[in-house]
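Trainee: Everything below, folded, please.
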Amino acid sequence: MFLDFPKHFKEVEPVPGWKIHVFSGERLSFSRMTLKPNTEAAMHTHSNEQMGIILEGEFEMKIGDETKLLKKGDMYHVASNANHGGFTHARGAQILDVFSPPRDYKK
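Mentor: Now for the predicted structure:
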């Protein structure tokens, strides 16, 4: 299957300023996040394993007790049930995330 954007992607905005386009398969989900400048995702956990890469901009991310300013090309891994969150600065960010099992975003 070839994916047409945005036709095959569900759009959600779980936090004001964070637009996420999600496509879910049987065992993983793929999301493209567009994060406005100076927005935050509070620390949280979920049972899904998560990996991501910064496509554009900057994102300051905390995973457990470690914090890092991520820039274009930087990647991260969030283990299942690990506490994590983050925020953007003046630039905002574009991020590609993959979740396994698929992440169930609520509208």
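Trainee: biggest strand in this protein by residues?
Mentor: Secondary structure of the chain per DSSP state E: the longest strand is strand 49-63.
Trainee: Other residues contacting it?
Mentor: The contact list for strand 49-63 (Cβ atoms under 8 Å, 6 or more residues apart in numbering) reads 35, 43, 67-80, 82-89, 91-100, 103. For every residue, glycine as well, the C-beta is placed using N, CA and C.
Trainee: at 7 Å instead, please
Mentor: For strand 49-63, the external contacting residues (Cβ atoms under 7 Å, 6 or more residues apart in numbering) are 35, 43, 67-80, 82, 84-89, 91-100.
Trainee: Give me the buried positions along that strand.
Mentor: For strand 49-63, a neighbour-count test (16 or more other Cβ atoms under 10 Å) marks 49-50, 52, 54, 57-59, 61, 63 as buried.
Trainee: now swap in stretch 66-73 and tell me
Mentor: By 16+ other Cβ under 10 Å, the buried positions in stretch 66-73 come out as L70.
Trainee: List of residues touching it?
Mentor: Under Cβ under 7 Å, 6+ apart, the answer for stretch 66-73 is 54-56, 58-61, 76.
Trainee: just how off-centre is that stretch within its chain?
Mentor: Offset of stretch 66-73 from its chain centre (Cα atoms, centre = their mean, to the nearest Å): 13 Å.
Trainee: now stretch 33-41
Mentor: Relative to the mean C-alpha coordinate of its chain, stretch 33-41 is positioned 10 Å out (Cα atoms, centre = their mean).
Trainee: Now do it: distance from first to last residue.
Mentor: 12 Å (Cα to Cα, to the nearest Å).
Trainee: heads up, I number from 55, so please use that
Mentor: Done: numbering now begins at 55, and the last item shifts to stretch 87-95.
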